[in-house]
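**Student:** Coordinates for the following, if possible.
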Amino acid sequence: MAVRRRDVAPIFQNQPLHAEAGHNVVRAYPAEVDGAGYKAEVVNLVKSKDQWFRPSDVCVAPDGSVFISDWYDPAVGGHKFGDTGRGRIFRVSAGKKGKKYLPTEAIAGFETEDQLLESLQNPNLAVQAKAANALRSKGSSAEAGLKKLWADENPRVRARALWILGKMKGKPKLMYKPP
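**Tutor:** Presented below is the predicted three-dimensional model:
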């Protein structure tokens with residue numbers, strides 16, 4: 001499962017994606033607040049009648065595109081390996097067809113504090129983790145930028161910022177109040 005963040009239609013921003021091998025489909029679950037909880041709809045993003053299409057995982061790349069791994073087998077569950085030599089990886093992106101994948105163009109960087117704060121907001125988990133570790137090691141010097149992210153409208157960005165603020169070495173455990 002992955003969470004798609006940017007470069008997509010607003011209905012899919014910050015919504016979970018899921019690869020379902022048994023039904024030959026990759027789905028999104030756009031959710032909205034419903035009282036004290038949430039309600040979600042099921043939206044098929046990629047569906048195939050090809051019974052060998054078995055999406056096994058989905059992840060969001062640094063540029064916001066989605067990679068789908070397909071184990072390409074006629075059976076679910078690994079009991080009847082129909083093909084042990086093939087598999088496929090698909091890339092789904094918004095934008096021009098055939099645009100070359102250049103992940104480094106989508107990463108703000110890891111050198112300056114501003115780049116780290118931007119990278120913390122990247123949809124790719126590896127980019128987020130690298131930025132989070134670097135910001136945490138900066139200690140007090142990163143606190144002002146993280147407090148700005150704590151005021152972000154995106155609850156996931158706020159959660160990442162608060163997590164790092166709470167994990168900084170040498171800082172007393174403080175409670176940060178939302179703006």
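**Student:** Please count neighbours and contacts with C-alpha atoms only from this point.
**Tutor:** Fine.
**Student:** where does this protein dip in pLDDT?
**Tutor:** Residues of the chain that meet the criterion pLDDT under 70 lie in 1-12, 77-84, 95-96, 103-106, 169-179.
**Student:** so what secondary structure elements neighbour the host helix or strand of Lys148?
**Tutor:** Assessed by DSSP states H and E, Lys148 sits inside helix 143-150. On a contact count with 3 or more CA pairs under 8 Å, 6 or more residues apart in numbering; DSSP states H and E, helix 143-150 meets helix 113-120, helix 155-167.
**Student:** which parts of that helix are buried?
**Tutor:** Buried residues in helix 143-150, counted by 16 or more other CA atoms under 10 Å: 143, 145-147, 149-150.
**Student:** Show me the domain layout of this structure.
**Tutor:** 2-102, 107-167 (automatic domain parsing).
**Student:** what's near enough to touch the nearest residue to Val42 once chain neighbours are set aside?
**Tutor:** Leaving out its chain neighbours, the residue that sits closest to Val42 by CA to CA, 6 or more residues apart in numbering is Tyr29, at 5.0 Å. Contacts for Tyr29 (CA atoms under 8 Å, 6 or more residues apart in numbering) come out as 12, 15-17, 40-43.
**Student:** where exactly do the strands run in this protein?
**Tutor:** Along the chain, counting by DSSP state E, strands occupy 2-4, 15-20, 25-28, 31-34, 37-40, 43-47, 55-60, 66-70, 88-92.
**Student:** As CSV, these with distance to Gly98 and mean neighbour count would be great.
**Tutor:** Listed next are the strands of the chain as CSV, based on distance: least, CA to CA, whole Å; neighbours: other CA atoms under 10 Å:
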stretch, distance to Gly98, mean neighbour count
strand 2-4, 21, 21
strand 15-20, 23, 20
strand 25-28, 21, 22
strand 31-34, 31, 12
strand 37-40, 32, 10
strand 43-47, 18, 14
strand 55-60, 18, 22
strand 66-70, 14, 20
strand 88-92, 10, 13
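**Student:** these two touch, right, Ser93 and Ala61?
**Tutor:** No: using CA atoms under 8 Å, Ser93 makes no contact with Ala61, being 9.7 Å away.
**Student:** More neighbours: which of these two?
**Tutor:** Comparing Ser93 with Ala61 by other CA atoms under 10 Å, the one with more neighbours is Ala61, at 24 against 19.
**Student:** what's the distance between that one and Val33?
**Tutor:** Applying CA to CA, to the nearest Å, the value for Ala61 to Val33 is 27 Å.
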